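[1] need coordinates for the below:
(one chain, ligands or ions: 2)
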Amino acid sequence: MEKKNIDWGKLGFSYVRTDKRYVSLYRDGAWDEGRLTEDENITMNECACVLQYAQTCFEGMKAYTTEKGQIVCFRPDLNAARMASSCRRLRMPVFPEDRFLEAVVETVRANAQWVPPFGSGASLYIRPFMFGSDAIIGVKPATEYQFRVFATPVGPYFMGGVKPLKVRISDLDRAAPRGTGHVKAGLNYAMSLYNIMDAHDQGYDENVYVDSASRTYIEETGGANIVFIKGNTLVTPQSDTILPSITRRSLLYVAKEYLGMEVEERPVALSEIGGFTECGLCGTAAVISPVGIIDDHGKEIKYAGMGDKIQKLYDTLTGIQMGRLPAPEGWITVIE
Ligand code: PLP
Ligand code: COI
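    Ligands and ions are numbered 1, 2, ... in the order given. Now for the predicted structure:
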């Protein structure tokens, strides 16, 4: 199969239209059979629930070409489960998890020419999403929905490649106790847009959010979870108001089972982060991006950047994803 003629190494994290996307419509209480389409545009009513009340959620996952030339996807079952949980929280009908997996496989297969080759440093980002599409003016859930999956080839999420990130402790919040921080609702991202642009204007790559109730515990960043290293221990915040990152959950396993590290998933106080030696942001888009500086209101906490442990975690995780290392049972779905 001929790949598209793209300079894969130059790709950043931006949308590139690919050939096919999947769409299924929910109407009269049921999902239709779904289909692939070439049409990337959506026409809907001006009063659609998603436009008025942001009734939408999404997922993010990647497909890779392995060393042996297979196209694979990393733990898509966990994305399916998380999307179901997001839908329930937003009162949207769940797209059945087995059908979610089929739709992802179908979309990637139909865009196989867009899956970056092994060793290019790029991957195919897959974006399943759902939104309420019929006209709703009183505040209530829609009755009609679209579930869609598109794919787009991407490079690194953070510009500047391996340069350690400079992030700041945020004065604004992303999630409230008992709110929607633990699901992948579009609204969580809408309310972070002001803050991410402000961070960029001030010379920071990302915002590190603290818990909004006490403002004393580290939560996560706008688009990734956070991990810290101290000696041979990986420490990552535990909180009900952060997104349960599939990358973070995988790293906890990799640290313990592949690298013989200790792991701690527990509340991490802002006051203790000066005691860690390495720090990284982890997520599908971020992979593990090393942090060089956390700026806490003028107090700069410095980390090793791509230190020894973050490097090992990165190499092992990407080794599993790209088929260089044996994967735990069920982690890799072969697409073709
Ligand atoms: N936290 C937030 C707010 C995110 O948007 C993401 C990205 O999906 C993550 C964490 C990382 O989650 P995952 O590793 O499942 O991609
Ligand atoms: C992902 O990592 O898949 C995300 O959704 C993060 C987003 C900010 C691009």
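
[2] residues of the stretch 101-250 of the chain that sit close to ligand 2?
    residue 223 (CB under 6 Å from any ligand atom). Glycine gets a C-beta too; all of them are placed from N, C-alpha and C.

[3] for the stretch 101-250 of the chain, what lies in contact range of ligand 1?
    220, 223-225, 243, 245-248.

[4] from those, list the buried ones, please.
    Among these, those classed as buried by 16 or more other CB atoms under 10 Å are 220, 223-225, 243, 245-248.

[5] narrow the residues you listed to those in strands?
    Mapping these onto strands (DSSP state E) picks out 220, 225.

[6] could you find the closest non-adjacent residue to the residue in the stretch 1-150 of the chain positioned nearest to ligand 2?
    As assessed by CB to the nearest ligand atom, ligand 2 sits closest to residue 60 within the stretch 1-150 of the chain, at 2.0 Å. Excluding the flanking residues, the one nearest residue 60 by CB to CB, 6 or more residues apart in numbering is residue 284, at 4.6 Å.

[7] ok, the one you found - contacts?
    60-62, 125, 246-247 (CB atoms under 8 Å, 6 or more residues apart in numbering).

[8] in the stretch 51-200 of the chain, which spans are strands?
    56-58, 61-65, 71-74, 123-132, 145-154, 165-169 (DSSP state E, counting those that start in this stretch).

[9] just the helices in the stretch 1-150 of the chain please.
    Listed in chain order, the helices of the stretch 1-150 of the chain (DSSP state H, counting those that start in this stretch) span 49-53, 76-89, 97-110.

[10] closest to residue 151 out of these?
    helix 97-110 (5.5 Å; CB to CB).

[11] follow-up on the earlier one: separation between the residue of the stretch 1-150 of the chain closest to ligand 2 and ligand 1?
    4 Å (CB to the nearest ligand atom, to the nearest Å).

[12] number of nearby residues for that residue?
    17 (other CB atoms under 10 Å).

[13] now do residue 170
    22.

[14] excluding chain neighbours, what is closest to it?
    residue 207 (3.9 Å).

[15] next up, the contacts around the closest residue to ligand 2 within the stretch 151-300 of the chain.
    Ligand 2 sits closest to residue 223 of the stretch 151-300 of the chain, with a gap of 2.8 Å, by CB to the nearest ligand atom. Residues near residue 223 by CB under 8 Å, 6+ apart: 157, 189, 206, 283, 285-286.

[16] what do you get for residue 124?
    So residue 124 contacts 62-64, 108, 111, 114-116, 151-154 (CB under 8 Å, 6+ apart).

[17] identify the bridge partners of it.
    residue 63, residue 153 (DSSP bridges).

[18] ligand 1 versus that one, what's the distance?
    On the measure of CB to the nearest ligand atom, residue 124 and ligand 1 end up 14 Å apart.

[19] from now on call the first residue 550
    Renumbered: residue one is now 550, and that last one reads residue 673.

[20] state the pLDDT value of that residue.
    Here the pLDDT value assigned to residue 673 is 98.

[21] excluding its backbone neighbours, what's nearest residue 589?
    residue 566 (5.7 Å).

[22] residue 655 now?
    residue 571 (5.8 Å).

[23] got it, and residue 875?
    residue 869 (7.6 Å).

[24] my hunch is that that neighbour is in a strand, does that hold up?
    No. Read with DSSP: H, G, I helix; E, B strand; the rest coil, residue 869 is helix and lies in no strand.

[25] thought residue 728 was touching residue 791?
    No. Counting by CB atoms under 8 Å, residue 728 does not reach residue 791; the two are 11.3 Å apart.
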